[in-house]
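[1] need a structure here:
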Amino acid sequence: MSNTITPSTGSSAIGRGGAWVLGNRALVRAPIWLYQARLGFLFGSRTLMLEHVGRKSGAKRFVVLEVVGRPASDTYVVASGFGERAQWFRNLIANPQVRVSIAGHRPRAAMARRLPTAEADAVLADYVSRHPRAWASLKNVLENTLGTPISEHDTPLPMVELRLDGRRS
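    Residues are numbered from 1 along each chain as shown. You can find the predicted model right below:
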């Protein structure tokens, strides 16, 4: 499947450039290599590495994602910038048992749950209030990757809650 980006109306150069970066496999995979080399601490606590299982292949897959919400000490929320077509997102829907690596810590087992729109709206509103400057740039990038405008009400941005189960895996 192609990662063709369809810019939204009124998209900026930053939005188009950011969407291109997200569509560039080598650039997107570089943080995975750093996490696997136990250097995840370089990214701080605003990112995590998600280990999931391919829904068709059954193979281990990895993706590094930004944490957009932290409703509890054992819970992280991430967003799918490519919407429902993102492979990691589709894999989580098929098999919600995952492992999560945060900063320099060992991977921990977790359970994934897609957030209903109302919960995703609340997480997005909180993110926007905590990180207004980041959101000003990120919003345009996400609108370019999704191909649709994003608002804090009825957001088309799929979000997933990752709840750690407390056990090391």
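
[2] which stretches of this protein form helices?
    Taking DSSP state H as the criterion, the chain carries its helices at 13-23, 25-36, 87-94, 117-130, 132-146.

[3] Walk me through which strands the longest strand belonging to the chain pairs with, and which way each runs.
    Identified as the longest strand of the chain according to DSSP state E is strand 60-72. Its sheet considered, strand 60-72 pairs with strand 47-53 (antiparallel), strand 75-79 (antiparallel) by DSSP bridges.

[4] Out of these, the one nearest residue 97 is which?
    Proximity to residue 97, assessed across the strands paired with strand 60-72 by CB to CB, is greatest for strand 47-53 (7.7 Å). Every C-beta, even on glycine, is put in place using the N, C-alpha and C of the backbone.

[5] Out of the strands paired with strand 60-72, the one nearest residue 159 is which?
    Counting by CB to CB, residue 159 lies closest to strand 75-79 out of these; the figure is 4.9 Å.

[6] Dump the closest one to CSV, keeping only the CA atoms.
    Extracted C-alpha coordinates of strand 75-79, given in CSV (Å, rounded to 0.1, in the frame of the first residue of the first chain):
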residue,chain,number,x,y,z
THR,A,75,-2.1,4.5,30.7
TYR,A,76,-0.8,6.2,27.5
VAL,A,77,-2.8,7.5,24.6
VAL,A,78,-1.4,7.7,21.0
ALA,A,79,-2.9,9.0,17.8
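
[7] Against residue 54, how distant is the closest residue to residue 127 other than its chain neighbours?
    What sits nearest to residue 127 in space, not counting adjacent residues and going by CB to CB, 6 or more residues apart in numbering, is residue 68, at 4.8 Å. Look at residue 68 and residue 54: by CB to CB, to the nearest Å, they are 24 Å apart.

[8] do the same with residue 126
    Taking CB to CB as the criterion, residue 126 is separated from residue 54 by 32 Å.

[9] and the longest strand of the chain, what's its mean pLDDT?
    The average of the pLDDT scores along strand 60-72 is 94.

[10] Quick one: distance of that strand to the chain centre.
    How far strand 60-72 lies from its chain's middle: 5 Å, per CA atoms, centre = their mean, to the nearest Å.
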